[in-house]
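Asker: just coords:
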């Protein structure tokens, strides 16, 4: 297998990775709080053996450098559910999972029988002191101020905390909605929450679909190149065998 095929295969490998990321984005286009992922590729330049020239003498292999999240704001959607909470601007909800405290932008919460407020996966929502947000048995009417103060007809029940990190790109995704902080988090004092609303996914379905189609076409072109190159090499081998026989 010569370098032409190796270069083409490196291209196909990165294209498959990109298609996987795009497909995951599209499958989460309706997931509340989902943040789209993008891939970052670069060229790995290798100088041809025995060549002292530059420029065209370099062989460019594709390599997958990183996958990163777009933390841009998603569209706010009205739901009317008093425990649906949308974040406008920066910040993340803190929830307690089996693996410890994690961060999320998914504000679809529910009330358990014991009064605790949890997300879809059963992770408990935390207040600004790191304690579980819990309503009293007699609490019926729930209202939320934009600063996170959660009240009922019986008074203030809790203050929902929002945290942030200096660099959101240091967050490690665990699934499609949960992030593990790898650096110190801090509480946000100026927060804007909206009750009865959800932040939708920030995936642009039209753009992602177009990119996916283009990637599939490019993959087919490179795949055909690899196949034709294999055929050419096999024909060359057959001719050599015929000449020697």
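Answerer: Yep, it's here. Note that the structure is predicted; figures quoted are calculated from it, not measured.

Asker: please state the offset of stretch 142-157 from the chain centre?
Answerer: Its chain's average C-alpha position is 32 Å from that of stretch 142-157, according to C-alpha atoms, centre = their mean, to the nearest Å.

Asker: buried residues in that stretch, which are they?
Answerer: 142, 144, 148, 150-152, 157 (16 or more other C-beta atoms under 10 Å). All C-beta spots, glycine's among them, are computed from the backbone N, C-alpha and C.

Asker: ok, stretch 228-245 next?
Answerer: Taking 16+ other C-beta under 10 Å as the criterion, stretch 228-245 shows none as buried.

Asker: what of stretch 31-42?
Answerer: Of the residues in stretch 31-42, those with enough neighbours to count as buried (16+ other C-beta under 10 Å) are 31-37, 39, 41.

Asker: thinking again about what came up before, farthest pair in the buried residues of stretch 142-157?
Answerer: 148 and 152 (14.7 Å; C-beta to C-beta).

Asker: how close does residue 38 get to residue 72?
Answerer: Look at residue 38 and residue 72: by C-beta to C-beta, to the nearest Å, they are 11 Å apart.

Asker: what's the answer for residue 116, then?
Answerer: Counting by C-beta to C-beta - residue 116 and residue 72 are separated by 31 Å.

Asker: please apply the same query to residue 33.
Answerer: Residue 33 sits 12 Å away from residue 72, taking C-beta to C-beta as the criterion.

Asker: poorly predicted segments of this structure, please.
Answerer: Residue ranges of the chain with pLDDT under 70: 1-4, 41-65, 245.

Asker: on that earlier part again, tell me which of residue 116 and residue 72 has more neighbours.
Answerer: A side-by-side neighbour count of residue 116 and residue 72, using other C-beta atoms under 10 Å, places residue 116 first with 17 against 9.

Asker: dump the residue contacts of the closest residue to that one other than its chain neighbours.
Answerer: Closest residue to residue 116 apart from its sequence neighbours, by C-beta to C-beta, 6 or more residues apart in numbering: residue 134 at 4.9 Å. Counting by C-beta atoms under 8 Å, 6 or more residues apart in numbering, residue 134 touches 114-117, 157-158.

Asker: phi and psi next, for residue 134.
Answerer: For residue 134, the backbone dihedrals (degrees, to the nearest 10) come out as phi -140, psi 130.

Asker: I'd say residue 17 and residue 39 touch.
Answerer: Yes. Using C-beta atoms under 8 Å, residue 17 makes contact with residue 39 at a distance of 6.0 Å.

Asker: thinking again about what came up before, of all the buried residues of stretch 31-42, which comes closest to residue 90?
Answerer: Using C-beta to C-beta, residue 35 comes nearest to residue 90 of the buried residues of stretch 31-42, at 12.5 Å.
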